[in-house]
Structure formats: structure tokens, C-alpha cells
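Undergrad: Everything below, folded, please.
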Amino acid sequence: MIKDIKDYDFPNDLKSMDTRELSLLAVQLREFLIDSVSETGGHLASNLGVVELTIGLHKVFDSPKDKIVWDVGHQSYVHKILTGRIGGFSSLRQTGGMSGFPKRAESEHDVYDTGHSSTSIAAAMGIASARDIKGEDFNVVAVIGDGSLTGGPAFEALNNLGDSGIKMTVVLNDNGMSIGRNTGGLSRHLGRLRTSEGYRLLKDETKKLLESIPVIGSGVKNAVGNAKDRIKYAIISGGVIFEELGLTYLGPIDGNDIDEVISALEQAKRARGPVIIHTITKKGKGFRPAELNPEKFHGIGPFDPETGAPRSKGGKTYSSIFGDAIAVAGKDPRVTAITAAMKDATGLARFSELYPDRFFDVGIAEAHGVIFAAGQAVQGLRPVVAIYSTFLQRAFDEMMEDVCLQDLPVIFAIDRAGIVGQDGETHHGIFDLSYLLSMPNMRVFAPCDGVQLKEMLDYALTLDGPCAIRYPRGKAVTGSLTGKVFNGMNTVVREGSDAVIMAVGTTLQRAVTASDILAERGISCAVVNVGSVDPSDPYLAEIAAGGAPVFTLEDNVISGGFGASFKASVNGGRITVLALPDKFIRHGDTETLFRECGLDPLSIAERIAEEVEREN
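TA: This next block holds a predicted model:
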């Protein structure tokens, strides 16, 4: 009799289930994921693709004794279900609810907090080396996607792993995707492996042959090994790079076939050194809309589980407005667009179609993308680098040393700045002002609405040095909040005599609402649009010297942000910094998080009223 999926005792029940029962469980898991994520939103396509793989991992290995490290971790929903957390899915990614990523504080089965890519192999190596130093006995597995494998840390770890000989298993989940479709030489190499049935069969036969030969001396053994290598290179151009790095390579296998997955994992478990299992999976498997459009269903809001149609009404987002603007800017033949595996997410799809020769997806390799842009700028081009705020942190050194030091005209389009909501700590873009304002030669802009975003891109293309335009996730105000064309200067959008709010970017909307609340209390509050985020702006210093208390407002942490830097630059004055706290902020509804941080309009108004009334 088939149990309801909520009645299982996971992961214990997996140990006694046969292949037929596990296959039926896979169907149940997919049905549950589709129904659940359709209500809460989340990462769907990636999780649908790893159902059988995750079942196999928990069938063969004994979590939490054995350690499973998920790269990025957006594909860990099935892992969460199979470790007893199915009851938390109604609160997935909601305020106070279960995280969409592995969290050590959430479960003993989550052994490493993740959220950014390409880190799992190095983390798993560290865990395995600690095991060996302490004389402990458990297995360690890193699960990494082929998209994440394009990141530099993954290559560095593979190189070190093969040299170290540490016993652990790397599971390469190869679905040909990261968020967008993968690009680059490694992706092409894996593509050849996926289709190389001849290599698989020949390798198996060669292995059997080698195992049947008695030990007759190292010379013969080495000669046979060299022959094997020649066969391998003859069949696959470039060779199996993993074996050359010192890892035992198993695969490719069908990662959506439970028997194949279990067999490969058991082989890896018996091995003495590092093993890599190359699994081929289908992103979005079992849900036709996700199979047809896995990028759309990588991270999605609530949707109709029958049709896949989103439940919320559409509207222009900052990403789409940026995409429209750069498509127009692309008429200038000097303009190029660069992104790190996020063509659609950053709004560059249209530019890529109009100007394919000037569009570059570098894969999950943010640091490389920035250096690449610097090289283009040296030759007179105007590269625009579109990357999420949280991921651009990975290229801090390259922005500083390769772009700012040379004062090159590279434009950074920084998407998802500020609080992003349900993805939480690893994805909030709340540190960018702090790191950008520390960079000499870098000009920083923050649009208050969609109109100003377009104007800032146009203005940025006239500059001869580096600049960054940072804007949030979500729907944009499509009208102009300032009524003025952006020309690099900050402007007063509302007059007032009792207090001043200097609002960075889209916090202007909060400032205006707070000013309205204060007006009802008889407090006259001026509002300044800080679109040019320059703490040394003499115009802002002049306003601060006017006598009224000044409140800076931004969706960045306090330390190193605009307010703290401005307060230091004017050396005194009645300045209060309203910003996000200097800590990692949990996942949840965006407005709820702003309210908890005291940055909703009512809280802002109350803080200002307290100060004004105290002085009076």
C-alpha cells in the first residue's frame, strides 16, 4: 500500500524501500513540489530535476553522519523533504518560515550554509580533511551543477582534490543549465560526454580487461594504462579532464534513473580516493511548463499548478526597464553587454538578440567577467556588466584593481540591490554601497524610479571612468518622481523647514510617504533625491549646513554606506543615519523586513518626529 508522502518516516523509510517503491516516491515528490511551490513560490525546475538523485543519495548514504554539501543549495528541497521537513513547506521562504537554502541552524542534515555557487567541493574537502585529521569515519559528498562548475573556486578545488587524494565523492549534476543555458568550453566538453555512449561501453570493457590481467610488472601495467588513455583521447576530443586531475570518473549516468544513481553512488562509496559521478538530469522534469521553460521556473512566484501561469499580475520591473534601455543604447557600436549566466534574469535577452556579436555570457565567473570588461574598455568599447549585487561581491578585487585603478569606463548595472525578500541572507544586496563607495574613481548612481534608471544609463555612457547603477528587485514606478531629467546632480523634490530626508534611490518613495505622514502632524519635512550617491557632494553638504536636522535614508547596511560616509565627510552637523542594521537579514516578505528594520514610512516618520519634537 502506498503511503501519503507526509506519512513517511524520512530518511529511515528509504533504507527498506525497493526500486519500484522509490520510483513511486519520485512521482509523489514531484507532485508535492509542484503543488507546494505553486503556493509559496521558490526554485522549482532545479528541484524537479534532482528527485531521483536525491533519493539515491539518502538511500546510499546515512545523513547526518555522512555529510552532503549542496552547491548553491537552491536544489535542496527534496533533501529537506527526505530529512523530515515536509511540514515546513507551507512556510517555505516566508517570514519566519523554512529557508529555501541549506541552513545548519535549521537541521543537522544541513552541514554547510550555502547560497552562492562553486563552493561545495572546497567545503566538502575541508570537512573530509577534518574527518581524517580527527580519525573519524564518515562519507562526504559534494553535489554541484554543471553551471556552478564554471566558477573559479570549483576548478581550484578540483585541482587540489585530485592532488590531495582525499576520499570523497563529487556528484556533477549536469542539466546543461545554471539559471540560463551554460556557455563555454567545459559546457561543450560535458555535452560531448553526454552523448558518448561509445566511450561508456569501451571504458567498461577496458576496465574488465585490466582487472583480468595478473600483476606482471609496472611496465606492462603502465603501457596498458597509456593505451587506455589513447583510446579515451581518440574518442573524446580533449580527454576526460576529471581523470587527468586525479579523480576517478564514473559516468555519464542517467541521473533520473534510480537504479543507475544508486549503483554509481555505491561504487563511489567503496572507492579509496576522490570520485566524480557525472549524472545527466532534466531540469524541470515531470512538469511540462518547467521542462519547456526551465529558466522561467528556476525561481518563480506563486503560479497555477495546472498551467504554470503566474498568479500575480505582471508589470515593468527594474530589470526589464534596464533591458529595454540597454537595447536602445546598443545602437552605439561601442556598447557591449556582459553577464554571468543570467541573461534573462538581468534583462539582457533583447540585447543578445539584437546584437549577438556584442553580448557575452561568461558563465558563473563574475571575476573573469569584470576583467574581460576591463580589457574591452582599454580598447575603446563601453562595456555594461549586469550582475546581481550579492554576486558582484565575488568580483570586488577585480573591480578595484582592474577597473578603478585604471579608471576605465566600465558600467556596472547592479540588479537586486537592497532587500530582495524570500531568498534571504545570501541574496540580499545590502552591502554594495559600502564596497562601491570604498573604490577610488567609482561613481555610484541609484535611480528612484524606472524613468531615472533609463536616464542614468544614458548619462553613464557619457562618462570616461567607471560607474555603477544599483537598483532593486521587483516592479518599478514607471512615472517620474522628480520631474527632472537626471544630469548627475542631486535634487530637492519636496521643500520643508523642520527636517530633511536625503533618500538614496528607491527609498525616495518611502521618504515622500513619511513626509506626508509628518505633514499631518504639522512637521514640514524636505525630501532630497540622492540619485548620485556621493558622500562628498557639496550641494548635500550645503543643505546639511542649513540648520534643520538631516536624516539619510538607504537600503544598505550602516557601516560604510552613504549616511555614515556623508556624516563623516561633513564632520558634524545634526545628521541621523537611517539604514539597515549591520547584520545578515533573514528571508521573508520585503515589506515585513523593511518594517522590522525600521525603514517603513511610518517608522521613518516616527523617528523624525521624535527628533524634531525633542529639539522643540
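
Undergrad: Break down the stretch 201-350 of the chain into its helices, ranges please.
TA: Assigned by DSSP state H, counting those that start in this stretch, the stretch 201-350 of the chain shows helices spanning 218-235, 241-244, 258-270, 288-292, 318-329, 349-354.

Undergrad: Where among the ones you listed is average confidence lowest?
TA: The minimum mean pLDDT among the helices of the stretch 201-350 of the chain belongs to helix 218-235 (a mean of 39).

Undergrad: what ranges of the chain fall below the confidence cut-off?
TA: Along the chain, segments meeting pLDDT under 70 span 1, 176-240, 572, 616.

Undergrad: So which residue is smack in the middle of it?
TA: residue 116 (5.3 Å; C-alpha atoms, centre = their mean).

Undergrad: Which helix or which strand is home to the nearest residue to that residue once chain neighbours are set aside?
TA: Excluding the flanking residues, the one nearest residue 116 by C-beta to C-beta, 6 or more residues apart in numbering is residue 426, at 6.0 Å. Every C-beta, even on glycine, is put in place using the N, C-alpha and C of the backbone. For residue 426, there is no host helix or strand (DSSP states H and E).

Undergrad: tell me, how many neighbours does residue 426 end up with?
TA: Number of residues near residue 426 (other C-beta atoms under 10 Å) recorded here: 20.

Undergrad: Test my guess that it contacts residue 119.
TA: No: here residue 426 does not reach residue 119: they are 10.7 Å apart, not a contact under C-beta atoms under 8 Å.

Undergrad: okay, and the common contacts of the two?
TA: In terms of C-beta atoms under 8 Å, 6 or more residues apart in numbering, residue 426 and residue 119 are not both contacted by any residue.

Undergrad: follow-up on the earlier one: gap between the residue nearest to the centre of the chain and residue 167?
TA: With distances taken as C-beta to C-beta, to the nearest Å, residue 116 is found 26 Å from residue 167.

Undergrad: Pull the residues that contact the biggest helix by length in the chain.
TA: When the chain is parsed with DSSP state H, its longest helix is helix 19-40. For helix 19-40, the surrounding residues in contact (C-beta under 8 Å, 6+ apart) are 2, 5, 8, 14, 17, 43-44, 47-48, 51-52, 55, 59, 77-78, 81, 86, 89-94, 258-259, 285-287, 300, 302-305.

Undergrad: Following the chain onward from it, which element is next?
TA: In N-to-C order, the element after helix 19-40 by DSSP H and E is helix 45-49.

Undergrad: What is that following helix packed up against?
TA: Judged by 3 or more C-beta pairs under 8 Å, 6 or more residues apart in numbering; DSSP states H and E, helix 45-49 is in contact with helix 19-40.

Undergrad: let's go with 6 Å and repeat that
TA: Using 3 or more C-beta pairs under 6 Å, 6 or more residues apart in numbering; DSSP states H and E, no helix or strand is in contact with helix 45-49.

Undergrad: Can you show me the CA trace of it as CSV?
TA: This file holds the C-alpha atoms of helix 45-49, laid out as CSV (Å, rounded to 0.1, in the frame of the first residue of the first chain):
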residue,chain,number,x,y,z
ALA,A,45,12.8,23.5,-12.1
SER,A,46,16.2,22.7,-10.4
ASN,A,47,14.5,20.6,-7.7
LEU,A,48,12.3,18.7,-10.1
GLY,A,49,15.4,17.6,-11.9
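
Undergrad: helices or strands up against the helix or strand following that helix?
TA: Later in the chain than helix 45-49, the nearest helix or strand by DSSP H and E is helix 51-60. If you count contacts as 3+ C-beta pairs under 6 Å, 6+ apart, helix 51-60 packs onto helix 19-40, helix 77-81, helix 258-270.

Undergrad: Just name the most buried of those helices.
TA: Highest mean neighbour count of the helices and strands packed on helix 51-60: helix 77-81, a mean of 27 (counted as mean count of other C-beta atoms under 10 Å).

Undergrad: Counting by contacts, list what that helix packs against.
TA: With 3+ C-beta pairs under 6 Å, 6+ apart as the test, helix 77-81 has helix 51-60 packed against it.

Undergrad: Residues touching the next helix or strand after the helix it packs on, excluding its own?
TA: For helix 51-60, the following helix or strand on the C-terminal side (DSSP H and E) is strand 67-70. Residues from elsewhere that reach strand 67-70 (C-beta atoms under 6 Å, 6 or more residues apart in numbering): 57, 76, 102, 111-112, 114, 120, 123-124, 127, 140-143.

Undergrad: again with stretch 577-595
TA: With contacts defined as C-beta under 6 Å, 6+ apart, stretch 577-595 is touched by 93, 95, 99, 419, 421-422, 424-425, 428, 430, 551-554, 556-559, 561, 563-564, 597, 600.

Undergrad: Can you tell me how far residue 599 is from residue 482?
TA: Residue 599 sits 21 Å away from residue 482, going by C-beta to C-beta.

Undergrad: domain assignment for this protein?
TA: Per automatic domain parsing, the structural domains of the chain span 5-196+246-292, 201-235, 320-470, 491-615.

Undergrad: Pipe these into a markdown table and attach distance to residue 309 per row.
TA: A markdown table is the format used below for those (distance: least, C-beta to C-beta, whole Å):
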| stretch | distance to residue 309 |
| --- | --- |
| domain 5-196+246-292 | 8 |
| domain 201-235 | 44 |
| domain 320-470 | 18 |
| domain 491-615 | 22 |
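
Undergrad: Do a quick rundown of the helices in the stretch 351-500 of the chain.
TA: Counting by DSSP H, counting those that start in this stretch, the helices of the stretch 351-500 of the chain are 366-378, 389-392, 396-398, 432-436, 450-460.

Undergrad: could you dump these to JSON lines with distance to residue 136?
TA: Below are the helices of the stretch 351-500 of the chain laid out as JSON lines (distance: least, C-beta to C-beta, whole Å):
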{"stretch": "helix 366-378", "distance to residue 136": "35"}
{"stretch": "helix 389-392", "distance to residue 136": "34"}
{"stretch": "helix 396-398", "distance to residue 136": "36"}
{"stretch": "helix 432-436", "distance to residue 136": "39"}
{"stretch": "helix 450-460", "distance to residue 136": "53"}
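
Undergrad: Please consider this matter closed, and thank you.
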